[in-house]
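Asks: One predicted model, sequence on top.
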Amino acid sequence: MEKKLKKLPIGIQGFRQIIENDYLYVDKTKYLYNLIKSGQVYFLSRPRRFGKSLTCSTFEEIFAGNKELFKGLYIYNSDYEWKKHPIIKISFSGIAHDSKENFLINLNQKLIDIGNQYNINLSGREILNSKIEFLIKELAKNFENNPVLIVDEYDYPLVANITKLDLAQELREVLQAFYNTVKTCSENLNFIFITGVSKFSRTSIFSSMNNLKDISLDERVSTSFGYTKKEILENFTDYITRFAEKKQITNEQIIQELTEWYDGYCFQEPPYAAPEPKAMADRPVASDSAKATTDKTEGRSNDLPESYKIYNPFSILLALDMQSIDNYWFQSGTPTFLINLIKEQDYPILKLEEKAEINKGNMCKYEIGHVPLENLLFQTGYLTITDYNKKTFNFTLGYPNQEVRLSFTKDIIESMTKLEVTKYSNYIEEFRSTLFSNDLEDFFKAIHTFFASIPYDIQINSAKKKTLSHEKQMGIEKYYQSIFYVTMKLVGANVQVENRTNIGRIDAVVKTNTHVYIIEFKINKTSDKALDQIHDRKYYEKFRLENKKLVLIGLNFDLKEKNILESDWVVQEL
């Protein structure tokens, strides 16, 4: 008979519901105990579905004095005193935010409901500030222990309206008034815990509540949200075994797949300077069951010690439950507004793979109307910390894992080309089969067909100009180079762009298990000129020791046709 496993708490955000219904719970109460013992006012940011709401619920049960719910957990046997506190808990994700009026109506009603739980009548108080001040002070006066304030997703109304600047500004004004009042009443509060995805400046959480401690990058709580590898091995071994038996592979192989797809998040300063990105080890073509899992994030978060890295909890739970590797977290929230920002800001998408930097002082904050894309990508979980320069105080960011890299890359390329998903997937398969069989003739014919299928109004509209400024030409070249690079990534190839040599940068290097392809792009010139540049600068020299066949490729993009014409590529094997 198959062993009965504890249910996985997929989508469950209530601590009491998890415990009373015998769901599997990974004990995080030591972190919460330490926060309670060492401070009073905290802010913590994490991406969506990383356990912020569950943590708020757990704090709620701790401060409600419900000790028996925690039997068998760290805090149960600690010296915590289990005093009962009245609790003001607000989740802004549940407050209507489609207009300032609805936001005020719903927030006021939420305070009235909380007051009613403690027999405090707020109905006669019309002003929001008056309500929250009266509620806090009455709770402090009427109960033995001061109240606790727990705010979940404080920034949800702002993030949801990040492209509607006027409305976002109006909602921020309401939040300013709310937190100004909280600050004036802080002496009547025993504990304040606030979560969010982002750190908006001037919302008065940070400008007025100067005693608020931002622990978002504090190493003491860096692994309190999500799962460490140690926690996965201690809590999910039975599920891993079941998954391995289904796939007829070992537990270690399942763990490796889970690691490549869902691990890699880092929310603290790395312990050392991570090495420069290095070439991936040679490998065979990926199988149909794991075509992308073999392309590791070399030189990035995978280089960090295991104790610094976190698995995405949402994807881990679903992968173990469904016994299948898929992009669960990514599918749960389409980052349309991020893709639009990338296009609006003309952000170089190759930078996401090569090197994105952000200063430590600006890591977790931005202004409404001025959103540095790197900040937003980090805070929303699409990039993570991979390195830190102690001299410049700059963090290096990169994709955390395969789920984010492949899914986000796919969304970007679909946005750039406007091709229907099924059609684009067919192209990817054709590119894969021709490239890994070294059939370059059919590979470039497929590339030609692919570019021809991109709607003309999507491509850069400089086709009729015979001469272009250097800046414009570089921008066009980057556009085509980006599409080529991202497509090769989705194929599963080891591709590097602007690979440095001692006398210049190679536009692209693509490696298979048998070949190294050195590629130079030109715009409105000739493929022969591209090939000449490879020879003149001897780009191939650094690859001679790899014991693979070296193939030099010159490509020319014709702007009038917006494509690589059949005569515009030249191939030469050394």
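Replies: It's in. Numbering: from 1, shown residues only.
Asks: Next, give phi and psi for Leu158.
Replies: Dihedral angles of Leu158 (phi, psi; degrees, to the nearest 10) stand at phi -80, psi -50.
Asks: Report the contact partners of it.
Replies: 168, 171-172, 175, 198, 200, 203, 368 (Cβ atoms under 8 Å, 6 or more residues apart in numbering). For every residue, glycine as well, the C-beta is placed using N, CA and C.
Asks: let's see 6 Å
Replies: 168, 200 (Cβ atoms under 6 Å, 6 or more residues apart in numbering).
Asks: Give me the pLDDT value at it.
Replies: Reading off the confidence values, Leu158 has pLDDT 89.
Asks: Please report how far it lies from Val371.
Replies: Using Cβ to Cβ, to the nearest Å, Leu158 is found at 11 Å from Val371.
Asks: neighbours around Glu81, how many?
Replies: 7 (other Cβ atoms under 10 Å).
Asks: same deal with Leu233?
Replies: Neighbours of Leu233 under the rule other Cβ under 10 Å: 13.
Asks: With adjacent residues omitted, what lies nearest to it?
Replies: Excluding the flanking residues, the one nearest Leu233 by Cβ to Cβ, 6 or more residues apart in numbering is Ile255, at 7.7 Å.
Asks: Tell me how far the one you found lies from Glu546.
Replies: Using Cβ to Cβ, one gets 30 Å for the distance from Ile255 to Glu546.
Asks: what residues does stretch 411-421 touch?
Replies: With Cβ under 6 Å, 6+ apart, stretch 411-421 has contacts from 339, 349, 454-455, 458, 486.
Asks: Neighbour count, secondary structure and pLDDT for these - can I get that in JSON lines?
Replies: Below are those laid out as JSON lines (neighbours: other Cβ atoms under 10 Å; DSSP: H, G, I helix; E, B strand; the rest coil; pLDDT from 0 to 100):
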{"residue": "Ile339", "neighbour count": "16", "secondary structure": "helix", "pLDDT": "81"}
{"residue": "Ile349", "neighbour count": "22", "secondary structure": "coil", "pLDDT": "73"}
{"residue": "Ile454", "neighbour count": "16", "secondary structure": "coil", "pLDDT": "76"}
{"residue": "Pro455", "neighbour count": "9", "secondary structure": "coil", "pLDDT": "70"}
{"residue": "Ile458", "neighbour count": "13", "secondary structure": "coil", "pLDDT": "49"}
{"residue": "Val486", "neighbour count": "23", "secondary structure": "helix", "pLDDT": "80"}
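Asks: Turn these into TSV, including distance to Glu573.
Replies: Shown next, in TSV, are those (distance: Cβ to Cβ, whole Å):
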residue	distance to Glu573
Ile339	39
Ile349	31
Ile454	30
Pro455	35
Ile458	34
Val486	26
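Asks: The nearest residue to Phe236 once chain neighbours are set aside sits in which helix or strand?
Replies: Closest residue to Phe236 apart from its sequence neighbours, by Cβ to Cβ, 6+ apart: Leu320 at 5.9 Å. Assigned by DSSP states H and E, Leu320 belongs to helix 313-322.
Asks: buried stuff in that helix?
Replies: The neighbour-count criterion (16 or more other Cβ atoms under 10 Å) identifies 313-320 as the buried residues of helix 313-322.
Asks: Check stretch 110-118 too.
Replies: Neighbour-count burial for stretch 110-118, counted by 16+ other Cβ under 10 Å, picks out 110-112, 114-115.
Asks: Strands of the stretch 201-350 of the chain, residue ranges please.
Replies: 213-214 (DSSP state E, counting those that start in this stretch).
Asks: My guess is Gly387 contacts Thr396. True?
Replies: To be clear, residue 387 is Asp; Gly isn't right here. Yes: between Asp387 and Thr396 there is a contact under Cβ atoms under 6 Å: 3.8 Å.
Asks: and these two? which has more neighbours close in?
Replies: Ranked by neighbour count (other Cβ under 10 Å), Asp387 and Thr396 place Asp387 first, with 24 against 20.
Asks: just checking, what packs against the helix or strand containing that one?
Replies: Assessed by DSSP H and E, Asp387 sits inside strand 384-389. Packing partners of strand 384-389 (3 or more Cβ pairs under 6 Å, 6 or more residues apart in numbering; DSSP states H and E): strand 394-398.
Asks: contacts for the strand it packs on?
Replies: Residues outside strand 394-398 that contact it (Cβ under 6 Å, 6+ apart): 300, 356-359, 378, 383, 385-388.
Asks: ChimeraX command for the buried members of these?
Replies: Paste this into ChimeraX to select the buried members of those, with burial taken from 16+ other Cβ under 10 Å:
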select :300,356,358,378,383,385,386,387,388
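Asks: that older thread, including secondary structure, could the buried residues of stretch 110-118 go into JSON lines?
Replies: Shown next, in JSON lines, are the buried residues of stretch 110-118 (DSSP: H, G, I helix; E, B strand; the rest coil):
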{"residue": "Lys110", "secondary structure": "helix"}
{"residue": "Leu111", "secondary structure": "helix"}
{"residue": "Ile112", "secondary structure": "helix"}
{"residue": "Ile114", "secondary structure": "helix"}
{"residue": "Gly115", "secondary structure": "helix"}
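Asks: what's the closest of the residues you listed to Glu520?
Replies: Lys110 (60.9 Å; Cβ to Cβ).
Asks: For the stretch 251-400 of the chain, which residues score under the pLDDT cut-off?
Replies: Within the stretch 251-400 of the chain, the segments meeting pLDDT under 70 span 272-302, 353-354, 364-366.
Asks: do that again at 90, thanks
Replies: Judged by pLDDT under 90, the stretch 251-400 of the chain has its weakly predicted residues at 270-307, 331-376, 379, 388-391, 393.
Asks: could you pull out the helices for it?
Replies: Using DSSP state H, counting those that start in this stretch, the helices of the stretch 251-400 of the chain run over 251-262, 313-322, 328-331, 336-344, 350-354, 373-379.
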